[in-house]
Each structure stands twice: as C-alpha cells, then as structure tokens.
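S.K.: 3D, please:
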Amino acid sequence: MSGTAVVVMGVSGCGKSTVGKACADALGWDFVDGDDFHSDASIAKMRAGEPLTDSDRAEWLQRLATLLAEACASGRRLFLPCSALRRAYREQLRSACPGLRFVFLSLSQDDSLARVTHRHGHFFAPALVASQFATLESPALEDGVLTVDAMLPVATLTDQVSAWLDRA
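M.R.: Here you go, the predicted model:
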C-alpha cells in the first residue's frame, strides 16, 4: 500500500468517523478524528445551527495539515475523517502530505439529514445539512479519490477501501 494517510471525507452524517475507524482497525493503521481539532468557537457555532465560513475553517484545516505532514514525514499510516468539502481544502491537505488519498462517502441530502437528525451527542445541528451540500465540491474526478456509496454496510465499505489501497 502506498501513501501514509487517507482522509475519509463527505458531508455530515455520511459516516466519516465510523468508516475511518473501521478501516483503521481492519488495516492496523492509526485513527485520528478531525472533529477533535475544531475550535470551541466553531463547535458552538455548529451547535447553534450556524454554518462555518472559510475563515472559521482556516485554523482547523491548518491543524489537520500539520497532523498530516507529521504523519507523512514519520511514515505513520493514518485514517483522518474530515469533511474536506471544497477542493481548496483538499489541496491544502494534499500539499501537507504528498500521496494523500481521499475516500469520498457519497449520499443524498435526505439520507444525510435523516442520519444527522437521529444522531445523539454530536455538536452538528441538523439545520446545517443543506449548507454542507451547498458547500460540497465533488472530488469524484480528482486523482487519488475513491468514491463509495455511504449507505452501504460499514463492512462492505471497509472491504472496498482496503481493496483500493491494496491496488495503489
């Protein structure tokens, strides 16, 4: 397997953390949740149903880029869930870690809303789902991206990601 890091990306409710953790466990890689790097102010905004701006995301993305750069420099194998909704965000992360790969968990806005609405204990307000889809720039035609159906069982997604990484 080439590359030392994989960003599991997509809108809220697509299963980034669940799939990332399952893949990390299956492959014996490290797992770090990108949500853990949000500032308190950004979490408060999302909890209140206020979409984050590029300015709000800038420090968070820089923290993630630093984490990825350190992982790549040390040869650490890492799965990192991160929405990475805009191409510019993905390019920032790619520049920190050459060979970085992305797994895009694709799902409909209705499915995202249903999942977010039924999720307990998470700071992301269901009212923000529409803003995520408005911000999303599909990575489907970018190099180093695997697009999968987020509605498939986690075990199936883990197998698809593992097979993709084995072919890399």
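
S.K.: which residues touch the closest residue to D30 other than its chain neighbours?
M.R.: Excluding the flanking residues, the one nearest D30 by Cβ to Cβ, 6 or more residues apart in numbering is L78, at 4.8 Å. Just so you know, the C-beta spots here come from the backbone N, C-alpha and C atoms, and that holds for glycine as well. Applying Cβ atoms under 8 Å, 6 or more residues apart in numbering to L78 gives the contacts 4-6, 24, 29-32, 67-68, 71.

S.K.: Is there a quick ChimeraX command that grabs whichever of those are buried?
M.R.: Entered in ChimeraX, the line below selects the buried ones among these, by 16 or more other Cβ atoms under 10 Å:
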select :4,5,6,24,29,31,32,67,68,71
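
S.K.: Let's verify the closest residue in space to A140 that isn't next to it in sequence: helix, strand, or coil?
M.R.: Distances taken as Cβ to Cβ, 6+ apart put T147 closest to A140, at 5.2 Å, once the chain neighbours are dropped. State at T147, reduced to three classes by DSSP: H, G, I helix; E, B strand; the rest coil: strand.

S.K.: okay, A127: pLDDT?
M.R.: Note on A127: pLDDT of 69.

S.K.: Please identify the buried residues of the longest helix seen in the chain?
M.R.: Using DSSP state H to define each element, the chain has its longest helix at helix 54-74. Across helix 54-74, burial judged by 16+ other Cβ under 10 Å covers 56-57, 60-61, 64-65, 67-69, 71-72.

S.K.: do stretch 93-100 as well
M.R.: Residues of stretch 93-100 classed as buried under the neighbour-count rule (16+ other Cβ under 10 Å) are 93-94, 96-97, 100.

S.K.: picking up where we left off before, export the buried residues of helix 54-74 to a markdown table and tack on distance to L157 and pLDDT?
M.R.: Formatted as a markdown table, those follow (distance: Cβ to Cβ, whole Å; pLDDT from 0 to 100):
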| residue | distance to L157 | pLDDT |
| --- | --- | --- |
| D56 | 29 | 86 |
| R57 | 26 | 86 |
| W60 | 25 | 92 |
| L61 | 25 | 94 |
| L64 | 22 | 96 |
| A65 | 25 | 97 |
| L67 | 23 | 96 |
| L68 | 22 | 96 |
| A69 | 27 | 95 |
| A71 | 22 | 93 |
| C72 | 24 | 92 |
